[in-house]
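S.K.: the sequence and its predicted three-dimensional model are supplied below.
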Amino acid sequence: MKEENRNLLLAITLSVVVLLGWQFFYGVPQMEKQKQVAQQNQQTQSQQPPAPGSVPTPGAAPAPG
């Protein structure tokens, strides 16, 4: 019985270590990459003027003219 408990605790501990390692080494860099892409998309959208005849954004002030 004591051997089974030790093996169970060891399995749980190793599983937690693997999950935390995966999150640290894979999850964090992916999130950073996604943030950079989102910032680049936002910058390119803010630099481009809206196309003539485009649908205005809801809640935006109407264009003059």
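M.R.: Received, thanks.
S.K.: any chance you could map the helices in the chain?
M.R.: With DSSP state H as the criterion, the chain has helices at 2-22, 28-47.
S.K.: with mean pLDDT and mean neighbour count added, can I get those in JSON lines?
M.R.: In this view, the C-beta of every residue, glycine as well, is placed from N, C-alpha and C. Converted to JSON lines, those look like this (pLDDT from 0 to 100; neighbours: other Cβ atoms under 10 Å):
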{"stretch": "helix 2-22", "mean pLDDT": "95", "mean neighbour count": "10"}
{"stretch": "helix 28-47", "mean pLDDT": "86", "mean neighbour count": "10"}
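S.K.: centre-most residue in this structure?
M.R.: By Cα atoms, centre = their mean, the mean C-alpha position of the chain lies nearest to Met31, the distance being 4.1 Å.
S.K.: would you mind measuring from that one to Gln45?
M.R.: Going from Met31 to Gln45 by Cβ to Cβ, to the nearest Å gives 21 Å.
S.K.: before we move on, what about Leu19?
M.R.: Noted for Leu19: a distance of 36 Å to Gln45, by Cβ to Cβ.
S.K.: just Gln36 next, same as before
M.R.: Gln36 is 15 Å from Gln45, where distance means Cβ to Cβ.
S.K.: do Ile12 as well
M.R.: Ile12 sits 47 Å away from Gln45, going by Cβ to Cβ.
S.K.: swap in Gln39?
M.R.: For Gln39, the distance to Gln45 equals 11 Å [Cβ to Cβ].
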